[in-house]
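Enquirer: What follows is a protein structure lacking sequence information:
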DNA sequence: GAAAAACTTTACCATCTGGCTAACTAATTT
DNA sequence: AAATTAGTTAGCCAGATGGTAAAGTTTTTC
């Protein structure tokens, strides 16, 4: 059961990768520019890019010697749906617990 | 920079752990009941619970020989904010790109 | 055509992760 | 008191992950 959600959440569980996403939200950029602010070796950084690409968060094209990277909107939706559903279910539960508590309150009064 | 988001997203990047969260959204349960549907050894399962607990997604209390586990609503909010912000930013970007495309369309007509 | 730039590939390493079995402790049940 | 139930602890393992350095490839640029 190697889900989309697995690779998606796995991809954004790393701070370097989240930083890349945040940067890319402002627009596409070549690898070297994306790499610059991070104090890690280039090949290490490329691995992070591959993880993001494998998770479908990012796509890239090479033109000449420059590879340009840009974000992909698609997979975010699914992840948000999961989180939303969970939050609704368990906030619902908390609400019901509160109602129960209030009811008990009234009964013991 | 070992962020909250790191451990949170890391925690929900595993299918077993997401399944536990989904189950717990219906109400608290003892470890053995949570374990039952998963075809893995108990100690392995306990590790998953520890990851969820360390990420603040879950809490548990032991009474007698039974440990009861329940979800914690708090950390979801932060994660959703991150995702929401990202989505807004880059959907915004996609919209702007579309406008640009339409403009070019008009100009070349 | 030589040098520089922008990646890529290769090979290696330590630590983390998810899995296991076996043995142990502490409560209930019978 | 003996057996059962419900977790816990300890120790091991294979593979993934995040990191490195060094050498190679393919454009550009000078």
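Expert: Arrived safely. This structure is a prediction, so every number in the text was calculated from the model and none was measured.
Enquirer: Which pLDDT value does the model give the residue nearest the centre of chain A?
Expert: In chain A, the residue lying closest to the centroid (C-alpha atoms, centre = their mean) is residue A:12, at 4.1 Å. According to the prediction, residue A:12 has pLDDT 89.
Enquirer: swap in the one 5 residues further on?
Expert: Turning to residue A:17, the model gives it a pLDDT of 96.
Enquirer: related to what we said a few turns ago, list phi and psi for the residue nearest to the centre of chain A.
Expert: In terms of degrees, to the nearest 10, the main-chain angles of residue A:12 are phi -90, psi 10.
Enquirer: Next one: it relative to residue A:69, how far apart?
Expert: The gap separating residue A:12 from residue A:69 is 16 Å, by C-beta to C-beta, to the nearest Å. Backbone N, C-alpha and C define where each C-beta goes, glycine included.
Enquirer: again with residue A:15
Expert: Separation of residue A:15 from residue A:69 (C-beta to C-beta): 18 Å.
Enquirer: more crowded one of these two?
Expert: Higher neighbour count among residue A:15 and residue A:69: residue A:69, with 20 against 14, using other C-beta atoms under 10 Å in any protein chain shown.
Enquirer: what sits against that one?
Expert: Contact analysis of residue A:69 by C-beta atoms under 8 Å, 6 or more residues apart in numbering or on different chains lists A:20, A:24, A:28, A:29, A:30, A:31, A:34, A:49, A:58, A:59, A:60.
Enquirer: Return the subset of those lying in helices.
Expert: Counted as lying in helices by DSSP state H, out of these, are A:20, A:24, A:31, A:34, A:49.
Enquirer: Looking at those residues, which gets the smallest pLDDT?
Expert: Among those, residue A:24 carries the lowest pLDDT, at 90.
Enquirer: Residue A:14 touches residue A:45, doesn't it?
Expert: No. The criterion here is C-beta atoms under 8 Å, and residue A:14 misses it with residue A:45 at 11.6 Å.
Enquirer: wait, isn't the residue nearest to the centre of chain A in contact with residue A:19?
Expert: No. The pair residue A:12 and residue A:19 does not pass the contact test of C-beta under 8 Å, sitting 10.6 Å apart.
Enquirer: where along chain A do the strands fall?
Expert: A:29-30, A:58-63, A:66-71 (DSSP state E).
Enquirer: Reformat the ones you listed as TSV; add mean pLDDT and distance to DNA strand D.
Expert: Shown next, in TSV, are those (pLDDT from 0 to 100; distance: least, C-beta to the nearest atom of the strand, whole Å):
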stretch	mean pLDDT	distance to DNA strand D
strand A:29-30	97	11
strand A:58-63	95	7
strand A:66-71	95	6
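Enquirer: could you pull out the helices for chain A?
Expert: A:4-11, A:15-24, A:31-35, A:42-54, A:76-108.
Enquirer: Could you see whether DNA strand C lies near the first one?
Expert: No. Contact between helix A:4-11 and DNA strand C, assessed by C-beta under 7 Å from any atom of the strand, is absent, since the two come no nearer than 8.6 Å.
Enquirer: can you pull the buried residues of that helix?
Expert: Neighbour-count burial for helix A:4-11, counted by 16 or more other C-beta atoms under 10 Å in any protein chain shown, picks out A:5, A:6, A:7, A:8, A:9, A:10, A:11.
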